[in-house]
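>>> sequence first, predicted coordinates after that:
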Amino acid sequence: MKESVSYARVSSKDQEREGYSIPAQRKTLMEYAPRTGFRIVREFVDVETAKCAGREQFGEMVAFLRKNPQCRIVIVEKTDRLYRNFRDYLTLEDLGVEIHLAKEGQIINKDSKSQAKFMHGIQVLMARNYIDNLREEVCKGMREKAEQGIYPSRPPLGYRNNKLARTIEVDSENAPIARKLFALYATGTHSLSSLGKAIAVEFGRVYAKGHLQKTLKNPFYTGLFIWEGKTYKGTHTPLVSSQLFQQVQDVFQGHNRPKYGKHQFAFSGMLHCAYDKCRITAEIKKNRYTYYRCTGHRGPCELPYFREEEIGDRLGKILKDIHIPDNILAQLETSLLSDRGNAEVIRKQQGERLQQRLASVRNRIDQAYTDKLDGKISEELWSRKAIEWQTEEQQVLLALQGCEQSQPDRVLNSIKILELANKAYFLYLKQNSAEKAKLLKIVLSNCTVDAVSVYPTYRKPFDVIFQRVKTEEWCARRDSNSRPSGS
């Protein structure tokens, strides 16, 4: 008798627990083998879907067939028990095995007629299509269930599925745990680790930190749920209020976290070392003095330690470099206000022109409509021209609306920036270190420090102001009637 292997499969654990599918398949295969002159030397049974490659027992069967070339017979109940994807189909075909489909009464091998192979391929496609169609129908059903407000999956901690009513109900045993999780974490006094310990002490349940975080961020507890990227209003009973849920989210974002005693250094994050490009960090010495130094992440560095007062004095000189003299500031403000007045005049003139154009278009429409009523122009001509004029009318209205809308007063903003540049250094001298840092962050984006100097990178438009102060070139343009400027 020829050696052969048998293969049986069910798609899920539920089918396996039903207790009849696998035994029924094995019985069919055991009866088929001796009747056709085969001896089954190995049995392989899988409990998983065949829509994708990678089944455990199927893989073992392939390995067995490769190691035992004398065995080239595979007995299976029918096509969809063996495979529902072309990768597994081609794997067995490449091995040159002979497949006996006991229930379908077919034998597929390398010598089979093309018609038989074609029909077998069609059956594989149909098996694959069955799985795809089943998946689509399941997804459609779950989507419809979500539209009805019923969560189409297993609910989180504190809820359970009611299989009879096909709804989700509150789990009286675990709901108090869920409520306690939100109540404790909302106080802001717990980390996820300490929260888990508190729950373990009170309820005797142990939860991983990842599970706790997922629970506390789940809007399901407020009566909402997310399915396929969309948020739905659920029919289940909320366990926590929206306010409490938001408090928990604020704690996660750090809004209500307890403030630990970490010292905030005024100029941290603003400075880099000129020697190795590392950040400048700060530390407290002798419980009273703040020193800044290179982090030394790239090895020993030549940059010395600096007292915070010394760094503050150096940075203050940067603000001195953008100081605009009072007389220049007055001239610039006068020029900007003049430009503002000119821009207002131009805007009004443009608005008047648009109003005239709008009146002209409307008069044209009214006159043409009168001519149509009097029979002077045809209905076809009126319809065609009316569309053109109405389109033009809409364009004029949009332009007029844009002209009349209030625009951000850039002139006043520019004047405020110039006044800040004029007073920045004097304001800086009167502030404490923290306020000095706030002022510097408005003007600077970064600073590089070496043992002697500070090299600033100015934010816009202070970089332009710095260049103008440096070169004393304050006239950005001259008018057509240019005259020599005074000193």
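Received, thanks. Numbering: from 1, shown residues only.
>>> where does the stretch 351-487 of the chain have low pLDDT?
The stretch 351-487 of the chain contains residues with pLDDT under 70 at 402-415, 417-418, 421, 472-487.
>>> ok, now with 90
351-449, 451-487 (pLDDT under 90).
>>> same question for the stretch 201-350 of the chain.
Using pLDDT under 90, the flagged stretches of the stretch 201-350 of the chain are 205, 223-237, 242-243, 247-272, 274-277, 279-290, 292-293, 295-303, 306-350.
>>> mind listing the helices for it?
Per DSSP state H, counting those that start in this stretch, the stretch 201-350 of the chain carries helices over the ranges 209-216, 242-252, 308-320, 326-373.
>>> out of those helices, nearest to residue 390?
With C-beta to C-beta as the criterion, residue 390 lies closest to helix 326-373 of the helices of the stretch 201-350 of the chain, at 7.4 Å. For every residue, glycine as well, the C-beta is placed using N, CA and C.
>>> if we can go back for a sec, may I see the helices of the stretch 201-350 of the chain arranged in JSON lines, with mean neighbour count and distance to residue 229 as well?
Listed next are the helices of the stretch 201-350 of the chain as JSON lines, based on neighbours: other C-beta atoms under 10 Å; distance: least, C-beta to C-beta, whole Å:
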{"stretch": "helix 209-216", "mean neighbour count": "16", "distance to residue 229": "17"}
{"stretch": "helix 242-252", "mean neighbour count": "16", "distance to residue 229": "19"}
{"stretch": "helix 308-320", "mean neighbour count": "17", "distance to residue 229": "48"}
{"stretch": "helix 326-373", "mean neighbour count": "13", "distance to residue 229": "45"}
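>>> can you give me the domain assignment for the protein?
Under the assignment automatic domain parsing, the domains of the chain span 2-133, 159-252, 340-411.
>>> distance to residue 109 for the helices of the stretch 201-350 of the chain - can I get that in JSON lines?
What follows is these, written out as JSON lines (distance: least, C-beta to C-beta, whole Å):
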{"stretch": "helix 209-216", "distance to residue 109": "51"}
{"stretch": "helix 242-252", "distance to residue 109": "62"}
{"stretch": "helix 308-320", "distance to residue 109": "85"}
{"stretch": "helix 326-373", "distance to residue 109": "83"}
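>>> what about those, which gets the closest to residue 222?
Residue 222 lies closest to helix 242-252 among the helices of the stretch 201-350 of the chain, at 4.9 Å (C-beta to C-beta).
>>> that closest one: how far from the chain's middle?
Remark: helix 242-252 is offset 20 Å from the chain centroid, using C-alpha atoms, centre = their mean, to the nearest Å.
>>> could you do stretch 234-241 as well?
Taking C-alpha atoms, centre = their mean, the mean C-alpha location of stretch 234-241 is offset from the chain mean by 26 Å.
>>> out of the helices of the stretch 201-350 of the chain, flag the one nearest residue 73.
Using C-beta to C-beta, the nearest of the helices of the stretch 201-350 of the chain to residue 73 is helix 209-216, at 48.7 Å.
>>> next, the angle from that closest one to helix 242-252.
Put simply, helix 209-216 runs at 140 degrees to helix 242-252, going by axes from the mean of the first three to the mean of the last three C-alpha atoms, to 10 degrees.
>>> which residues sit against helix 209-216?
Applying C-beta atoms under 8 Å, 6 or more residues apart in numbering, the contact partners of helix 209-216 are 156-157, 178, 181-182, 185, 192-193, 195-196, 207, 248, 252.
>>> quick one: which of those is the most crowded by neighbours?
Most neighbours among the contacts of helix 209-216, by other C-beta atoms under 10 Å: residue 181, with 27 neighbours.
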